[in-house]
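*Asks:* Sharing a sequence plus its predicted fold:
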Amino acid sequence: MDLRTGLAKVDSEKDVEVSEFSFKAEMKCGSELFRDLTRLDFIKCDIEGYEEVVLPEMKPVLEKFKPIIQLETWGNQKAVVEQFLLCMGYNEYDLDGGKLTQVASPNYVISGDLFFIHPDNKVMLGRFNNVLQPVA
């Protein structure tokens, strides 16, 4: 598959403008890519609307490690992603003033990334908040 940099999507078109940089990349499913890991603490996803495809495919990995998940999502897929992760037992957090605060309702509107932390991973929440600095 051809990947083009600077775009908000993965594209398989053969016609890439000369001004764009492209390269061949092997695509793997998250469940395959992370299958042999012995530890996974944190996942950052900025995958332009594919969260509702990628996260369910990675469910076995998420169930095994319960990593902190940081992602950017909006629109219709936001509700789908929230529902999926909340049903897995994750809690939703907002980064506000350098501290993660649990979101009271999935309909909560934030600007920026969402964080999902499983209650079994509260130790990581404490460590994560200790390294965050208040925004000046």
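*Replies:* Noted; the coordinates are in hand.
*Asks:* Name the nearest residue to residue 30, ignoring sequence neighbours.
*Replies:* Closest residue to residue 30 apart from its sequence neighbours, by CB to CB, 6 or more residues apart in numbering: residue 58 at 3.9 Å. All C-beta spots, glycine's among them, are computed from the backbone N, C-alpha and C.
*Asks:* so what's the one you found scoring on pLDDT?
*Replies:* The per-residue pLDDT reported for residue 58 equals 94.
*Asks:* could we number from 2 for the rest of this?
*Replies:* All set: I'll call the first residue 2, so the last point we hit is now residue 59.
*Asks:* Tell me the spacing between it and residue 116.
*Replies:* From residue 59 across to residue 116, the span is 17 Å (CB to CB, to the nearest Å).
*Asks:* ok, now residue 99?
*Replies:* Computed as CB to CB, the residue 99 to residue 116 distance reads 13 Å.
*Asks:* The two - which one has more neighbours?
*Replies:* A direct count of neighbours by other CB atoms under 10 Å for residue 99 and residue 116 places residue 116 higher, at 23 against 12.
*Asks:* Pull out the buried residues from the helix or strand that one falls within.
*Replies:* Secondary structure from DSSP states H and E places residue 116 in strand 115-118. Using 16 or more other CB atoms under 10 Å as the test for burial, strand 115-118 gives 115-118.
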